[in-house]
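# coords below, sequence missing:
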Ligand SMILES: Cc1ncc(COP(=O)(O)O)c(C=O)c1O
């Protein structure tokens, strides 16, 4: 049976059913914005709308398609695993669970040795917060203004009011506090109350447009955490897995967090799996009350087989060399576009193949995303700093993709400037 080639399945029909049974307002919003898509064929860093239009994917769902859509090696790892495994049994150890945990620990700085699996980023952040609370017997969670750590129970409470208020997920008063990025004094003022279980920070704030933290800021926060008995959680959901040229983005900053959260690309875009990696203190509940947290499908043995392959591909010397090359190509290509559209295109931040492009507009989702979309490029702006467009390249993009990308971005930006 084919979903994509069934002549009885039409785009119009799927849109109707999506409005009727799935998510009416989300479906309608894309129609209203003239960007209605039903994802059809997908391959590498391209996807096609059901109506046949082809798109270059430079959003890649925040890193989910780091290795491309339907990476053949990742698919093979899953198919092979289904020959003999299934989700497994969350009560018992399993072969791929243990092997993946060992592999992951070996790719983390010394001391980060304990792995708890979940199904998605939000759930893995929830585990990190629960772990910090168990280890410190404190409740408060400090996050950064403009952060985003997920939509699940605890993770959403760390985030912006726009995400948590509609669902009444503010948490108990004083339990979730935010401080501005790069303000060590504000961070210390919260930490010195000695009631914070953890500080959680994206190593680059994705939903705030990937600002590069001031030199020494993140390491400074970690030092303050140590001083006041608080644990540091590095959210590497968007920035980990080699996307910044290192396995984890915090490695650019010369410090070691107490916990790392990885998700999205960890499952290769093929199987949902995420992980919270902990040091001995953060993982103390694993030693004391290991059965008091669980996730039936988090740590599926199939997902673990997939994630092992993802780690293999992501850390190959050829992949590392390609990331380096593409980082330089991006700098060059985007600088040329910035010069050409100077004034409108004001500047950019970059770490590896992750970029935030700063436009002189109120809302890039209208002024930039749409013209790029009309030229076959799918990018997304930053929800909490809407004038910034996120450019998130996959790890394995080739020269042909980049050539096509720069050409189409050029056309899209020319159109955007005309529309101003
Ligand atoms: C930095 C960061 N953390 C956590 C999450 C939550 O991940 P998920 O959607 O898999 O729950 C996201 C999702 O976009 C994210 O960008």
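All right, it came through fine. Predicted model, so just to flag it, every value in this text is computed and none were measured.
# any idea of the mean pLDDT for the lengthiest helix in the chain?
Scanning the chain for the helix with the most residues, using DSSP state H, yields helix 317-340. Taken as a whole, helix 317-340 has a mean pLDDT of 98.
# Check which helices and strands that helix is in contact with.
Contact here means 3 or more C-beta pairs under 8 Å, 6 or more residues apart in numbering; DSSP states H and E; on that basis helix 317-340 packs against strand 345-351, strand 354-359, helix 399-419. Where C-beta positions appear, they are placed from N, C-alpha and C, glycine not excepted.
# Just put those in TSV and tack on mean pLDDT, distance to the ligand and mean neighbour count.
As requested, the helices and strands packed on helix 317-340 are exported to TSV (pLDDT from 0 to 100; distance: least, C-beta to the nearest ligand atom, whole Å; neighbours: other C-beta atoms under 10 Å):
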stretch	mean pLDDT	distance to the ligand	mean neighbour count
strand 345-351	98	14	18
strand 354-359	98	11	23
helix 399-419	97	22	17
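# between those, which gets nearest to residue 244?
strand 345-351 (4.3 Å; C-beta to C-beta).
# Return the distance of the closest one from the chain's centre.
19 Å (C-alpha atoms, centre = their mean, to the nearest Å).
# helices or strands next to it in the packing?
In terms of contacts (3+ C-beta pairs under 8 Å, 6+ apart), strand 345-351 is packed against helix 317-340, strand 354-359.
# Grab the most central residue of the chain for me.
When C-alpha atoms, centre = their mean is applied to the chain, the residue found nearest the centroid is residue 238 (2.7 Å).
# who's in contact with it?
If a contact means C-beta atoms under 8 Å, 6 or more residues apart in numbering, then residue 238 has 62-63, 202, 204, 206, 264, 354, 392 as its contacts.
# could the residues you listed go into CSV alongside secondary structure?
Below are those laid out as CSV (DSSP: H, G, I helix; E, B strand; the rest coil):
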residue, secondary structure
62, helix
63, helix
202, strand
204, coil
206, coil
264, helix
354, strand
392, strand
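# ok, so of the residues you listed, who is nearest residue 420?
Nearest to residue 420 among the contacts of residue 238, with distances taken as C-beta to C-beta, is residue 392, at 25.2 Å.
# Report the spatially nearest residue to residue 125, omitting neighbours in sequence.
Distances taken as C-beta to C-beta, 6 or more residues apart in numbering place residue 155 nearest to residue 125, at 3.9 Å, with adjacent residues excluded.
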